[in-house]
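Asker: mind looking at a prediction? Sequence and model below.
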Amino acid sequence: MEHFIEESEINKTSSDLNNPEDLADKEFISKRVSEIKNTIQELYKELDEITSKCNHSDGHDIRLITTDRNKNSSSLLRICKICKSPIGYPSKEEADEWQKS
Ligand SMILES: [Zn+2]
């Protein structure tokens, strides 16, 4: 019984060692994903700080903005010309104007 356990442990180890590149890829992907997510969070924090200093005083453009990650839905929004933040919904006149352009 003891021997059987030992052998299965060896098989498990050697199957991992058969694909050293695969293993390295997984480690690389996992590490890189964490790094990228951290960077994104830091950038979002900076974005929040920066856009909170804008008083959106220089007018806005009308843009169709994707509102979820799967790009299934989008909304027509007023976007600040300076900081590019969504600052509300367009009036009916603005929406009509956007449709024409
Ligand atoms: Zn702004």
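Answerer: That came through, no problem. Numbers count the residues shown, from 1 in each chain.
Asker: just the pLDDT at S91, thanks.
Answerer: pLDDT recorded at S91 is 96.
Asker: what stretches of the protein score poorly on pLDDT?
Answerer: For the chain, the stretches with pLDDT under 70 are 1-18.
Asker: residue ranges of each domain in it, please.
Answerer: Here the chain is described, according to automatic domain parsing, as comprising the domains 2-52, 60-100.
Asker: the ion: which of those domains is closest?
Answerer: Evaluated over the domains of the chain, closeness to the ion peaks at domain 60-100, with 3.1 Å, by Cβ to the ion. Just so you know, the C-beta spots here come from the backbone N, C-alpha and C atoms, and that holds for glycine as well.
Asker: endpoints of that closest one, how far apart?
Answerer: Domain 60-100 has its terminal residues 17 Å apart, counting by Cα to Cα, to the nearest Å.
Asker: are that domain and the ion in contact anywhere?
Answerer: Yes: applying Cβ under 5 Å from the ion, one finds domain 60-100 touching the ion at 80, 82-83.
Asker: just the helices in the chain please.
Answerer: Per DSSP state H, the chain carries helices over the ranges 2-17, 20-52, 92-100.
Asker: need the ones you listed in TSV (columns: distance to D61).
Answerer: Putting the helices of the chain into TSV (distance: least, Cβ to Cβ, whole Å) gives the following:
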stretch	distance to D61
helix 2-17	54
helix 20-52	15
helix 92-100	9
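Asker: quick one, which of these is nearest to H60?
Answerer: Nearest of the helices of the chain to H60, taken as Cβ to Cβ: helix 92-100 at 8.9 Å.
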